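A.B. asks: return a 3D structure for these sequence lines:
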Amino acid sequence: MLMFLAGVIEQMDLALEHIQKGGVHDARFGLMLTDNAVELILHQIAKDQHARLKAYPHIAEKYGHKKELEEAMGRSFEAKLKYARMEGQVTDEQARTITIMHTFRNELYHLGLQYEPILSDLSLFYFSTACAFIGGFKIRGFSYSWSIVLRERAQKYFTRDGRFSPAEPDDFPNACRKLDEACQHKKSITIACLADHMDSVISDCDTSLDILADLIYDNQRRTRDEAIIDCQTWRLAFETEGTEFAKKKGWAGRTIFDFVEWLGRNYPLQFKKDPISGWKKQALRMRSNGNPHTALANYQSFMTVTGSIREALLEGATQVEAEIDRLVDERRGN
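C.D. replies: Numbering: from 1, shown residues only. Purely as a prediction, here's the structure:
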């Protein structure tokens, strides 16, 4: 057990070393190391209980969460986290943040550029959250061999009295507290960082919507409400979701323009009017919130719910600007 605990602390120490360098790639690596340390502890919680039930059949007979335990012993991160919550070793708030950050960790691998502006602050927040969770891990037996030699990173955090033991059980939670103190995470900075990025995203959408609204259609400029509807219906008209809906509702029109207009009247669109002012209010409320866990949850919810429309706005505005550039070049004779 001691070598396992030392290994977790080593990972956290290395994670902090990279996070404190401040670079985006170091932050990405630090976040991944942090998430891996969290998963190691989550798995150990299930592993310890599994060993306990195996050693004491009479306890196993009355145990009511065997199915959840078996799932936690597998490869599913979600199952491990769910079981840790059932065992009371992670709070609901910690679990929510860990879930979001684990998702970010996976997205960073594929879409690293999306969160680069906030990656350094996110990695620091996750590190502090992980320190609190890992430090609360209930150690079941502090086993070690007399010949054990702790590696250099672990030696900074574990006491060594020479004659009796290479470390003491309290060294592990104490190490987590020291690491948390060393990271110097500030709640206000995390909240401001998330709100700033959300404001930036909203500003980009606001600009894109202006571009789409300024597009002349049937010799008239569109309102922003009309533009947000067109932005959704034109995309929907070329997707299976839109054609299947039309088929189900008995659409009998002919042209694509008729189809787009029909979708605007009949399809349950996510946004029926300009959403920007409402989004700005969300960002303002998030900025005034004093809890970074809540701020992160609100940020993640906003990014998820608005993902499709934000992509459609950007795509539409990009197409309009490309057409404008083409027309300009055409008039210049290029």
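A.B. asks: hey, let's count contacts and neighbours off CA atoms from now on
C.D. replies: Noted.
A.B. asks: give me the buried positions along stretch 200-216.
C.D. replies: 202, 205-206, 208-213, 215 (16 or more other C-alpha atoms under 10 Å).
A.B. asks: show me how far that stretch is from its chain's centre.
C.D. replies: What separates the centre of stretch 200-216 from the centre of its chain is 26 Å, taken as C-alpha atoms, centre = their mean, to the nearest Å.
A.B. asks: quick check: mean pLDDT of that stretch?
C.D. replies: Averaging pLDDT along stretch 200-216 yields 87.
A.B. asks: same deal with stretch 243-251?
C.D. replies: On average, stretch 243-251 scores 87.
A.B. asks: now the buried residues of stretch 200-216 in TSV, with distance to residue 150 and secondary structure?
C.D. replies: Formatted as TSV, those follow (distance: C-alpha to C-alpha, whole Å; DSSP: H, G, I helix; E, B strand; the rest coil):
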residue	distance to residue 150	secondary structure
202	50	helix
205	53	helix
206	56	helix
208	57	helix
209	59	helix
210	61	helix
211	61	helix
212	62	helix
213	65	helix
215	67	coil
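A.B. asks: possible to save those residues as JSON lines with distance to residue 289?
C.D. replies: Shown next, in JSON lines, are the buried residues of stretch 200-216 (distance: C-alpha to C-alpha, whole Å):
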{"residue": "202", "distance to residue 289": "19"}
{"residue": "205", "distance to residue 289": "24"}
{"residue": "206", "distance to residue 289": "24"}
{"residue": "208", "distance to residue 289": "28"}
{"residue": "209", "distance to residue 289": "28"}
{"residue": "210", "distance to residue 289": "30"}
{"residue": "211", "distance to residue 289": "33"}
{"residue": "212", "distance to residue 289": "33"}
{"residue": "213", "distance to residue 289": "33"}
{"residue": "215", "distance to residue 289": "38"}
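A.B. asks: closest one to residue 168 out of those, please.
C.D. replies: The shortest gap between residue 168 and any of these belongs to residue 202, at 51.2 Å (C-alpha to C-alpha).
A.B. asks: OK, contacts around that closest one?
C.D. replies: Applying C-alpha atoms under 8 Å, 6 or more residues apart in numbering to residue 202 gives the contacts 276, 279-280.
A.B. asks: which of these tops the neighbour count?
C.D. replies: Counting neighbours by other C-alpha atoms under 10 Å, residue 279 leads the contacts of residue 202 with 18 neighbours.
A.B. asks: look up phi and psi at that residue.
C.D. replies: Per-residue torsions, residue 279: phi -60, psi -40 (degrees, to the nearest 10).
A.B. asks: please apply the same query to residue 261.
C.D. replies: phi -60, psi -40.
A.B. asks: helix, strand or coil for the spatially closest residue to it that is not a sequence neighbour?
C.D. replies: Residue nearest to residue 261 in three dimensions, not counting chain neighbours: residue 233, with 7.8 Å by C-alpha to C-alpha, 6 or more residues apart in numbering. Three-state assignment for residue 233 (DSSP: H, G, I helix; E, B strand; the rest coil): helix.
A.B. asks: neighbours of residue 233, how many?
C.D. replies: Per other C-alpha under 10 Å, the neighbour tally for residue 233 reads 23.
A.B. asks: residue numbering should commence at 7 henceforth.
C.D. replies: In the new numbering, first residue 7, that becomes residue 239.
A.B. asks: if I look at it, how far off is residue 249?
C.D. replies: Remark: distance between residue 239 and residue 249 (C-alpha to C-alpha, to the nearest Å) = 11 Å.
A.B. asks: also residue 303?
C.D. replies: In terms of C-alpha to C-alpha, residue 303 sits 34 Å off from residue 249.
A.B. asks: in contact with residue 54: list those residues for me.
C.D. replies: Contacts here follow C-alpha under 8 Å, 6+ apart; on that basis residue 54 touches residue 146.
A.B. asks: oh, that last question was meant for residue 214, not what I typed.
C.D. replies: Residue 214 neighbours (C-alpha under 8 Å, 6+ apart): 319-320, 322-323.
A.B. asks: next helix or strand past the helix or strand that contains residue 103?
C.D. replies: According to DSSP states H and E, residue 103 maps onto helix 98-117. Scanning forward in sequence from helix 98-117 by DSSP H and E, the next helix or strand is helix 125-141.
A.B. asks: which parts of the helix or strand following that following helix are buried?
C.D. replies: Beyond helix 125-141 on the C-terminal side, the first helix or strand identified by DSSP H and E is helix 158-161. Of all the residues in helix 158-161, those buried under the rule 16+ other C-alpha under 10 Å are 159-161.
A.B. asks: could you do stretch 51-58 as well?
C.D. replies: Judged by neighbour count (16+ other C-alpha under 10 Å), stretch 51-58 contains these buried residues: 51-52, 56.
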